[in-house]
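[1] sequence below, structure please.
(one chain, ligands or ions: 2)
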Amino acid sequence: MDTPPHEAAASAARQEAARLTAKDIHGIALTWVDNAGITRMKAVPTARLAHAAQWGVGMSPVFDVYLSDDSAVTSRHIGGPDGDLRLFPDLDRLTVLAAQPGWAWAPADRHEQDGTPYAACQRLFARRMTDRAAQAGLELRMGYETEWVVTHAAGRAGEQAAGNGSRTEEGAPRYAGPGPAYGMTRVVALSDYVRDVLQALAAQGIDVLQIHPEYSPGQFEVSTAAAGPVTAADHTVLVRETIRAVSAHHGLHATFAPLVEPGTVGNGAHLHLSLWRDGANLFRGGDGPFGMTGPGEAFLAGILHELPALLAITAPHPAGYLRLTPSRWAGAFQCWGPENREAALRFIPGPARDAGSANAEIKCVDATANPYLTAGAVIAAGLNGIERKHTLPDPVSGDPAVTGADVPRLPTSLPEALDRLRGSELLRDALGEPLYEAFLAVREGEHARTQHDSPEAVVSGLRHRY
Ligand code: GLU
Ligand code: MG
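    Ligands and ions are numbered 1, 2, ... in the order given. So this is what the prediction gives:
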């Protein structure tokens, strides 16, 4: 008789726990990302890992209606004090945390008490959409870019104000790392810090493609190798928490929030993706635009078509709309173009001799987005494009804000994006009602909570939350 799956997991976990104990690892952080885009966690001691793998760890579903300031709203299916779920660590992702001595980490899937998958689990949603693509013979490779701003850690008053979830404004951020965008000056000034980020990511098996100082003061960016959609989302969670931990070791504070100060260039969490069938990249070798194959073009056309509704998922906090303005390479226009950094959908043909390199970048994504929801929703939109045989409009070159080209702006506020999401049967069906309703309730809550705040208050409230 076959071993029941959770017993098999427990036996694998016992071996892992012995390995971790030998490495002096005491705690395993089990994380999942909620509808506010916050990475929440429960930890178990290493000795308890096998139990967690077999039975899961209890966690209230109420966090699916938590806002970024830890206040709660409610939705038709989820909300209130009742009920419990089980967090199951994904042992394939179990990672010793290089910047948190004594700790390991694993992302978790959420199941009901009876073992059935929890309908509102964002990670399982991403897996469902990945499987849906696989049923059509398609494979997605994805990678999130991570942009962040480093400041000198706040003084006591600032920490207290931000730490208890209050929206009291802090003092002006003190940027670490002077010097120009892409300037070596910033890397010389923060040489040990940047090295430690690289070292920690490498020790955790994260394949870094590149790292550089970005446009805004104190801003950096790291990009990591493409992986399957769920793994790509796991990686971005791990990358952010690693950067946060390394920053703390250096007396610095890292924020991934969409904007640190109004009127500046913000932090994106751009999503790169390519579509494959039988080992061939469908963005190459065809006779569509820039060598795309028919399904490659249709997949991107499906995403482009759905972008106004997708935006409610990829830029789900009001602060995102302060970032998402023209001429900041944030992707404010609903258009596509080869290597056009102002287009929300940038097509990257890649070097001629490297067929695997062609990919597309969705720029209108920020770190308040749940990366699992983003990945899953993008796949749903792309597959719909293939089903409906969508084609791409003409590519756009240049910055429409400068050229005056007649190109639609994406929604300019969260309520506008939410209206588009409410109008998207496609995304509602893909998410399923419990997840869809809880997600909408959270986004409406974030809007209600901040609608009378100044832009300064909206962004400063997030500096210590993302
Ligand atoms: N920081 C910009 C943003 O908000 C993106 C800059 C870039 O193209 O990397 O998305
Ligand atoms: Mg960048």
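[2] any regions of the stretch 101-250 of the chain where pLDDT drops low?
    Within the stretch 101-250 of the chain, the set of residues satisfying pLDDT under 70 comprises 154-170.
[3] residue nearest the centroid of this protein?
    Most central residue of the chain, judged by C-alpha distance to the mean C-alpha position with C-alpha atoms, centre = their mean, is residue 371 at 2.9 Å.
[4] list the contacts for the closest residue in space to it that isn't next to it in sequence?
    Ranked by C-beta to C-beta, 6 or more residues apart in numbering and with sequence neighbours excluded, the top spatial neighbour of residue 371 is residue 233, at 3.8 Å. C-betas here are computed from N, CA, C, even on glycine. If you count contacts by C-beta atoms under 8 Å, 6 or more residues apart in numbering, residue 233 has them with 33, 123, 126, 142, 144, 371-372, 374-375.
[5] in helices, which of the residues you listed fall?
    Counted as lying in helices by DSSP state H, out of those, are 123, 126, 371-372, 374-375.
[6] tell me what the longest strand belonging to the chain is packed against?
    Of all the elements of type strand in the chain, the one with the most residues (DSSP state E) is strand 139-152. Under the contact criterion of 3 or more C-beta pairs under 8 Å, 6 or more residues apart in numbering; DSSP states H and E, strand 139-152 touches helix 122-135, strand 219-224, helix 229-249, strand 252-255, strand 271-277, helix 371-387.
[7] could I get the ones you listed as JSON lines with distance to ligand 1?
    Output for those, formatted as JSON lines (distance: least, C-beta to the nearest ligand atom, whole Å):
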{"stretch": "helix 122-135", "distance to ligand 1": "22"}
{"stretch": "strand 219-224", "distance to ligand 1": "6"}
{"stretch": "helix 229-249", "distance to ligand 1": "14"}
{"stretch": "strand 252-255", "distance to ligand 1": "13"}
{"stretch": "strand 271-277", "distance to ligand 1": "11"}
{"stretch": "helix 371-387", "distance to ligand 1": "14"}
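[8] tell me the most buried of the ones you listed?
    Looking across the helices and strands packed on strand 139-152 with neighbours counted as mean count of other C-beta atoms under 10 Å, the highest average goes to helix 371-387: a mean of 26.
[9] check the offset of that helix from the chain's centre.
    Relative to the centre of its chain, helix 371-387 is centred 14 Å away, using C-alpha atoms, centre = their mean, to the nearest Å.
[10] just give me the neighbour total for residue 183.
    Other residues lying near residue 183 total 14 when counted by other C-beta atoms under 10 Å.
[11] leaving out sequence neighbours, find the closest residue to residue 343.
    When the adjacent residues along the chain are set aside, residue 343 lies closest to residue 337, with 4.3 Å between them (C-beta to C-beta, 6+ apart).
[12] pretty sure the one you found contacts residue 396?
    Yes: taking contact to mean C-beta atoms under 8 Å, the distance of 4.4 Å between residue 337 and residue 396 places them in contact.
[13] how far away is the residue nearest to the centre of the chain from residue 229?
    Relative to residue 229, residue 371 is positioned 9 Å away (C-beta to C-beta, to the nearest Å).
[14] equivalent analysis for residue 353, please.
    Residue 353 sits 27 Å away from residue 229, taking C-beta to C-beta as the criterion.
[15] how close does residue 69 sit to ligand 1?
    Residue 69 sits 23 Å away from ligand 1 when distances are taken as C-beta to the nearest ligand atom, to the nearest Å.
[16] out of the helices and strands packed on strand 139-152, which is closest to residue 178?
    Distances from residue 178 to each of these were compared using C-beta to C-beta; the shortest belongs to strand 219-224, at 11.8 Å.
[17] what pairs with the closest one, parallel or antiparallel?
    Within its sheet, strand 219-224 is paired with strand 139-152 (antiparallel), strand 208-213 (antiparallel), according to DSSP bridges.
[18] including mean neighbour count, could the ones you listed go into a markdown table?
    A markdown table is the format used below for those (neighbours: other C-beta atoms under 10 Å):
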| stretch | mean neighbour count |
| --- | --- |
| strand 139-152 | 23 |
| strand 208-213 | 15 |
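[19] how about these in JSON lines, adding distance to residue 333?
    Formatted as JSON lines, the entries for the strands paired with strand 219-224 read as follows, by distance: least, C-beta to C-beta, whole Å:
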{"stretch": "strand 139-152", "distance to residue 333": "19"}
{"stretch": "strand 208-213", "distance to residue 333": "25"}
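[20] so which of the ones you listed is nearest residue 362?
    Residue 362 sits nearest to strand 139-152 of all those, at 9.8 Å, using C-beta to C-beta.
[21] now do that closest one and helix 371-387, the angle between them.
    Counting by axes from the mean of the first three to the mean of the last three C-alpha atoms, to 10 degrees, strand 139-152 points 140 degrees away from the direction of helix 371-387.
[22] tell me how far strand 139-152 lies from the chain's centre.
    Counting by C-alpha atoms, centre = their mean, strand 139-152 comes out at 8 Å from the chain centroid.
[23] how about it as CSV, C-alpha atoms only?
    The C-alpha atoms that make up strand 139-152 are tabulated as CSV, following Å, rounded to 0.1, in the frame of the first residue of the first chain:
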residue,chain,number,x,y,z
GLU,A,139,5.3,26.1,-19.6
LEU,A,140,5.9,29.5,-18.1
ARG,A,141,9.3,30.8,-16.9
MET,A,142,9.1,33.8,-14.7
GLY,A,143,11.3,36.1,-12.6
TYR,A,144,10.5,39.1,-10.5
GLU,A,145,13.0,42.0,-10.3
THR,A,146,13.5,43.5,-6.9
GLU,A,147,14.0,47.2,-6.4
TRP,A,148,14.5,48.6,-3.0
VAL,A,149,15.6,51.8,-1.2
VAL,A,150,18.1,51.7,1.6
THR,A,151,17.9,54.2,4.4
HIS,A,152,19.7,54.6,7.7
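[24] can you count the residues close to whichever residue of the stretch 351-466 of the chain sits closest to ligand 1?
    Proximity to ligand 1, evaluated over the stretch 351-466 of the chain using C-beta to the nearest ligand atom, is greatest for residue 363 at 5.7 Å. Taking other C-beta under 10 Å as the criterion, the count of residues near residue 363 is 25.
[25] which residues touch it?
    268, 270, 329-331, 341, 343-346.
[26] near ligand 1, which of those show up?
    If you filter the contacts of residue 363 for contact with ligand 1, counting by C-beta under 6 Å from any ligand atom, you are left with 268, 329-330, 341.
[27] now restrict those to buried residues only.
    Of all the ones next to ligand 1 among the contacts of residue 363 considered here, the ones buried according to neighbour count by 16 or more other C-beta atoms under 10 Å are 268, 329-330.
[28] run a quick neighbour tally on residue 327.
    Counted with other C-beta under 10 Å, the burial measure for residue 327 works out to 12 neighbours.
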